[in-house]
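Trainee: Predicted model and sequence below, questions to follow.
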Amino acid sequence: MPQAITTETAWPFSQIGSFVNYLVAECGLAENTILAYRRDLVRLGGYCQTVSLNDVQKVTPKDLQDYAHSLFSAKLASSSIARHMVAVKMFLRFHQLSGLLKEDLCSVLESPKLWKRLPNVLSRQRTVELITAQDEEDPLYLRNRTLLELLYATGMRASEIAGIELKDINFQIGYIRCFGKGNNERIIPVHKLAQELLIRYLQELRPVLLGDKTHNTVFLSRTGQPLSRIEVWRIVKRSARTAGLIGKISPHTLRHCFGSHLLQGGADLRSVQEMLGHADVTTTQIYTHVDQEYLRRIHKKYHPRP
């Protein structure tokens, strides 16, 4: 007879909290969407308890198909089933990115293709207002100002910028190395202003935060520990409130502005793809926003008729 499974420690319950943190810090989803996904995964957890499935390594394609059939049997609305499938797919991909799951199980789950909605892109002026809306009297001003400038300068994800180490920075050539999804490495150029702020932070504030510790992580918390991606998210949110920006603002907003503003300035899609670390250029097309003025310039420049 199988042992009782506690919801605090058994899979998938044990990973739901980390997954929600990932959605908040990395994906820039609306709060209601995140809450809905969490409810969907709690339902998945209930199903897993009934079939004594408490280890992601033991999940099979048939288990996922059986769960999908259980949703149909419960006579849920098709839109609810589609959302469940999306939540489960994202949850499994999160396990892959975290190194907890090697096999791609998502292909067995069918769901309607959903329109990928773009977050609002800030204008260049509003972006500058966001990254400069810092209280210079704040003891952590230099860290926060540098972090925001680097987010916009590089397009890094929250987890990527939280994970960069001293050895990843090359001031002589002017680039930062970061490791993205799937631990894929990429090199991103860094402009002069961001480099200057980073040098100041490393020389003036980081040693104070570090104290007698020995971390190699660039960005540190008030207590000298490596900054978490959730704290990166909070820094961006606080800056957005200070700047009076209304709407959903997250680290991913600055990533999106990075790609969009490069494209608007004339950068080619392949270069933006490389800097954003997208495996497929179609993903870059989703993340980059082409404004009407840019389209008019392209049309005027390349169309054979004046």
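Mentor: Alright, I've got the coordinates.
Trainee: Please make it C-alpha for all contacts and neighbour counts, starting now.
Mentor: Noted.
Trainee: Please state the backbone phi and psi of residue 51?
Mentor: phi -110, psi 10 (degrees, to the nearest 10).
Trainee: Please apply the same query to residue 170.
Mentor: Dihedral angles phi and psi of residue 170 (degrees, to the nearest 10) take the values phi -120, psi 100.
Trainee: how about the nearest residue to it, chain neighbours excluded?
Mentor: residue 176 (6.3 Å; C-alpha to C-alpha, 6 or more residues apart in numbering).
Trainee: Residue 187 belongs to a strand?
Mentor: Yes: judged by DSSP: H, G, I helix; E, B strand; the rest coil, residue 187 forms part of a strand.
Trainee: how much space between the residue nearest to it when sequence neighbours are not counted and residue 200?
Mentor: Distances taken as C-alpha to C-alpha, 6+ apart place residue 177 nearest to residue 187, at 4.6 Å, with adjacent residues excluded. Per C-alpha to C-alpha, to the nearest Å, residue 177 is found 19 Å from residue 200.
Trainee: go on, residue 75?
Mentor: 60 Å.
Trainee: and those two? which has more neighbours close in?
Mentor: Higher neighbour count among residue 75 and residue 200: residue 200, with 15 against 11, using other C-alpha atoms under 10 Å.
Trainee: that older thread, residues in contact with the residue nearest to residue 187?
Mentor: 164, 168-169, 185-188 (C-alpha atoms under 8 Å, 6 or more residues apart in numbering).
Trainee: biggest separation within these, which pair?
Mentor: Spatial extent of these (C-alpha to C-alpha) is set by the pair 169 and 185 at 13.3 Å.
Trainee: Have a look at these two and say which one is more surrounded.
Mentor: residue 169 (20 against 11).
Trainee: Nearest spatial neighbour of residue 131, chain-adjacent residues omitted?
Mentor: residue 148 (5.3 Å).
Trainee: burial count for the one you found?
Mentor: Neighbours of residue 148 (other C-alpha under 10 Å): 24.
Trainee: element containing it?
Mentor: helix 141-154 (DSSP states H and E).
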